[in-house]
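J.: output the structure for:
(chains A and B)
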Amino acid sequence: MATETPPPSNEALSPERRVFITKVSMVAMGLVSLLVAVPIVGFLIGPLVRRFPDVWRSVGSVDSFKIGQTVKVSFRDPSPLAWAGVTAETAAWLRRISANEFMAFAMNCTHLGCPVRWLPDANLFMCPCHGGVYYSDGRVAGGPPPRALFTYPVRINNGLVEIQTSAIPIG
Amino acid sequence: MNLLKRLLDAFEDRTGLLKIMADMAEHPVPPDTGWWYVFGSATLVAFIIQVVTGMALATAYVSSSGSAYDALQFITTRALMGNLLRGMHYFGASAMVLLVGIHMGQVFLMGCYKFPREFNWVTGVVLLFLTLAMGFTGQLLRWDQNAVWSVVVGAEQAGRTPIVGPILAQFMLGGKTLGGATLSRFFAFHVFFIPAIIFGFVGIHLFLVLHDGISEPPKAGEPVDPDTYTEKYEKVLKERGVPFWPDAAWRDVVFCVAVVLAIFLLALIFGPPALDKPPNPSMLARDPAPDWYLLWYFAVLALIPHKMTTPVILLAPMVAIIVLFLVPIVSNKGERHPRYRPWAVASVIIIVMMIGTLWVEAIREPWSPDFTAEPLPIAVIGTNVGPVVDGATLFHQKGCEFCHEVGGFGGHRGPSLTWVGDRLTRADLTVRIMNGGYNMPAYAGILKPDELDNILVFLESRKREQ
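T.: Below is the predicted model:
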């Protein structure tokens, strides 16, 4: 007991104790910073791990599409947030190839994602941003796009054409 | 009066702030710094304008993907002075980008980044890129059709990164598609994250200006020698130095007042950029483009060889940052005067001309199909009957005219075909139309034989000598 007497209060800390206290303080502050950072980082990357269910959206009856024609169809994202408003809307270019065959092309140019337009008379998709051109089957016809237009899964269900909602295609 | 003085004295006694501020204001600077030194403080003033107008706008802005557009319309058309405030925030941003560029050019050309101010150059480079990041995120908060497509274009570029690309893209979008999470993220980046970092770096930047001192105007034939510079600089300050306030600062005041007036008047006269259509990603008739300060980069992505797209998107910004960081490391001594630094002057001229040219091209957008091209009038076709007219009609219908100009009508992606009959034979034309090329679709599967014939007849008729 007697040997444990604290040093007088006006005595400076020994160099060893200074180093020790500095290290302990740094570690302690580092640890609580990490503790605070965990929920922040987790929250920020939350949208990356949010469930994105595969939903089939009906875009119209089979009969409403003419064979050989490509038209724009709009549908809603799967389970959009309540405040998404019109940003929950999305679209695809739907082509009826034959009686039972459809293709749904992503509207995003594979160059930088701008919205491609279908030109029915020319039978081509053209991108307004940097002049990418695609054939009616989505293959690259000219310009900078590195690959064909992305496609979405499409099916016929009870006489309705349905498109599977998908992520924005990232090259 | 006596009471006021006693209060002030007491305040100073307890805080010491007055002396610190007076010391900062009156710190000695080299004489004759002149008008070239006003751009840094003007950039800071533009930033302050952005902070205060931004804070005011935030009181009415709604950072919700579904409501922001309505809030913007309210701010623009109904809120008291909302139109003016939005305009000031826009022209303030433009001024800040412009001034940060001029400030950097001036510091580079006068060699102010050399010893002992190397590190302040580095903090300035960081601030340059933070300013551009504010420009990009700010443009997106104008949450209209152009903004949502700009987010997509930004995410697609991030998505080109190897391995982590899709994760980065989703991080930007706030999910796998555009939606409720997208705008609130960009709002937080624009209003909290990036400004917080800017405040920090502005603080360091200004501290270093005081710590290292304002550079004296460069004199030809007086190179910087790190061994003797500090001593010489301090001698100049001691013998001929003048207090920053007001001897040197009055020029800053004059220029900054002019900048604020310009921002105010431009906002008053021209107003903010008009809102585009609502941010509905299913509306596809849109040609998205960034605001002017990044527009030139959009041209780069159109003009580089197609296979270079990914390397350029990923490496160009990185190379730019690394090169700028290396500037003071590579040359922190030697001549400061531009007269003895021809390569420095040449590189600034080249960069300015390059960005200027790209900028002009980006406004013209010759690489974009001209969807608004009108069918060719009879005056241009030269006749109103027969296969030539049918060919001219098909020339428009089949999209040829979107990319090829004839008689002043049509796009500029491909070569002008006004006088194509003079240079290409029917066989040449057929090969090109059927097989296409680098930027041109092959029309073999698109044109029926009689359609091709009519187009050929029309193109052959494009001769000078009839």
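J.: alpha carbons only for contacts and neighbour counts from here, please
T.: Fine.
J.: which intervals of the chain have sub-threshold pLDDT?
T.: Let's take chain A. Low-confidence segments of chain A (pLDDT under 70): A:1-10, A:171.
J.: let's do chain B instead
T.: By pLDDT under 70, the weakly predicted segments of chain B are B:1, B:465-466.
J.: can you show me the strands along it?
T.: Assigned by DSSP state E, chain B shows strands spanning B:28-29, B:242-243.
J.: nearest to residue A:169, out of the ones you listed?
T.: Ranking those by their distance to residue A:169 (criterion: Cα to Cα) puts strand B:28-29 first, at 56.5 Å.
J.: on contacts alone, who are the packing partners of that closest one?
T.: Under the contact criterion of 3 or more Cα pairs under 8 Å, 6 or more residues apart in numbering or on different chains; DSSP states H and E, strand B:28-29 touches strand B:242-243.
J.: quick one: residues in contact with the strand it packs on.
T.: Residues outside strand B:242-243 that contact it (Cα atoms under 8 Å, 6 or more residues apart in numbering or on different chains) are B:25, B:26, B:27, B:28, B:29, B:30, B:31, B:248.
J.: count of residues packed around the third one?
T.: Residues contacting residue B:27 under the criterion other Cα atoms under 10 Å in any protein chain shown number 17.
J.: could you pull out the strands in chain A for me?
T.: For chain A, the strands defined by DSSP E cover A:56-61, A:70-76, A:89-96, A:102-106, A:117-119, A:124-126, A:133-135, A:140-142, A:151-152, A:154-157, A:160-164.
J.: tell me what angle the second one forms with strand A:89-96.
T.: Pointing back at strand A:70-76 there. For strand A:70-76 against strand A:89-96, the angle by axes from the mean of the first three to the mean of the last three Cα atoms, to 10 degrees is 150 degrees.
J.: so what strands line up beside strand A:70-76?
T.: strand A:89-96 (antiparallel) (DSSP bridges).
J.: and the strand it pairs with, how far from the chain's centre?
T.: Put simply, strand A:89-96 sits 18 Å off its chain's centre (Cα atoms, centre = their mean, to the nearest Å).
J.: got it, and stretch A:66-83?
T.: For stretch A:66-83, the separation from the chain centroid amounts to 17 Å (computed by Cα atoms, centre = their mean).
J.: likewise for stretch B:142-149?
T.: With Cα atoms, centre = their mean, you get 17 Å for stretch B:142-149.
J.: hmm, back to that, what would the strands of chain A look like in TSV with mean neighbour count?
T.: As requested, the strands of chain A are exported to TSV (neighbours: other Cα atoms under 10 Å in any protein chain shown):
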stretch	mean neighbour count
strand A:56-61	17
strand A:70-76	19
strand A:89-96	23
strand A:102-106	24
strand A:117-119	20
strand A:124-126	26
strand A:133-135	26
strand A:140-142	22
strand A:151-152	18
strand A:154-157	17
strand A:160-164	21
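J.: of these, which is nearest residue B:47?
T.: Checking the strands of chain A against residue B:47 by Cα to Cα gives strand A:89-96 as the closest, at 36.3 Å.
J.: report the angle between the axes of that closest one and strand A:160-164?
T.: Calculated by the same axes, to 10 degrees, strand A:89-96 forms an angle of 120 degrees with strand A:160-164.
J.: residue boundaries of the helices in chain A?
T.: For chain A, applying DSSP state H gives helices covering A:15-44, A:46-49.
J.: just those: most buried one?
T.: Neighbour counts (mean count of other Cα atoms under 10 Å in any protein chain shown) averaged over each of these peak at helix A:46-49, with a mean of 16.
J.: contacts for that helix, please.
T.: For helix A:46-49, the external contacting residues (Cα under 8 Å, 6+ apart) are B:167, B:170, B:171, B:174, B:175, B:176, B:181.
J.: how about a cut-off of 10 Å?
T.: Residues outside helix A:46-49 that contact it (Cα atoms under 10 Å, 6 or more residues apart in numbering or on different chains): A:39-40, A:42, B:166-176, B:181-182.
J.: now swap in stretch B:414-428 and tell me
T.: Stretch B:414-428 has contacts (Cα under 10 Å, 6+ apart) with B:366-369, B:380, B:400-410, B:429-430, B:439-440, B:453, B:456-465.
J.: now the helices of chain A in CSV, with distance to residue B:349?
T.: Conversion of these to CSV gives the following (distance: least, Cα to Cα, whole Å):
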stretch, distance to residue B:349
helix A:15-44, 42
helix A:46-49, 44
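J.: still on that earlier bit, by neighbour count, which of the contacts of strand B:242-243 wins?
T.: The most crowded member of the contacts of strand B:242-243, judged by other Cα under 10 Å, is residue B:29 (25 neighbours).
J.: and the residue of the stretch 251-400 of chain B found nearest chain A, how many neighbours?
T.: At 3.8 Å from chain A, residue B:398 is the closest residue in the stretch 251-400 of chain B, using Cα to the nearest Cα. By the criterion of other Cα under 10 Å, residue B:398 has 20 neighbours.
J.: same thing with residue B:231?
T.: Neighbourhood size, residue B:231 [other Cα under 10 Å]: 10.
J.: what about it, distance to residue B:198?
T.: The spacing between residue B:231 and residue B:198, counted by Cα to Cα, to the nearest Å, is 33 Å.
J.: who's in contact with residue 101?
T.: You didn't pick a chain, so chain A it is. Going by Cα under 10 Å, 6+ apart, residue A:101 touches A:62, A:67, A:95, A:154, A:155, A:156.
J.: let me rephrase: I mean chain B.
T.: Per Cα under 10 Å, 6+ apart, neighbours of residue B:101: B:39, B:40, B:43, B:95, B:107, B:128.
J.: against residue A:114, how distant is it?
T.: 29 Å.
J.: chain neighbours aside, what residue packs nearest to residue B:268?
T.: Nearest non-adjacent residue to residue B:268, counting by Cα to Cα, 6 or more residues apart in numbering or on different chains: residue B:84, 5.8 Å away.
J.: who are the contact partners of the spatially most central residue of chain B?
T.: Centroid-nearest residue in chain B, with Cα atoms, centre = their mean: residue B:293, separated by 1.8 Å. By Cα under 10 Å, 6+ apart, residue B:293 lies in contact with B:93, B:94, B:97, B:98, B:132, B:135, B:136, B:359.
J.: from what I see, residue B:56 and residue B:82 are in contact.
T.: Yes: proximity of residue B:56 to residue B:82 meets the contact threshold set by Cα atoms under 10 Å, at 9.4 Å.
J.: turn the strands of chain A into CSV, columns for distance to residue B:20.
T.: As requested, the strands of chain A are exported to CSV (distance: least, Cα to Cα, whole Å):
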stretch, distance to residue B:20
strand A:56-61, 67
strand A:70-76, 60
strand A:89-96, 57
strand A:102-106, 62
strand A:117-119, 63
strand A:124-126, 63
strand A:133-135, 64
strand A:140-142, 65
strand A:151-152, 65
strand A:154-157, 70
strand A:160-164, 65
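J.: and the end-to-end length of stretch A:41-49?
T.: Separation of the first and last residues of stretch A:41-49 by Cα to Cα is 12 Å.
J.: what about it, distance to the chain center?
T.: Using Cα atoms, centre = their mean, the offset of stretch A:41-49 from its chain centre is 13 Å.
J.: ditto for stretch B:220-239
T.: On the basis of Cα atoms, centre = their mean, stretch B:220-239 sits 37 Å off its chain's mean C-alpha point.
J.: need the contact partners of that stretch.
T.: For stretch B:220-239, contacts defined as Cα under 10 Å, 6+ apart pick out B:27-31, B:111, B:114-116, B:212-216, B:218, B:240-243, B:332-341.
J.: 7 Å - rerun?
T.: Contacts to stretch B:220-239, defined as Cα atoms under 7 Å, 6 or more residues apart in numbering or on different chains, come from residues B:28, B:29, B:30, B:115, B:333, B:334, B:335, B:336, B:337, B:339, B:340.
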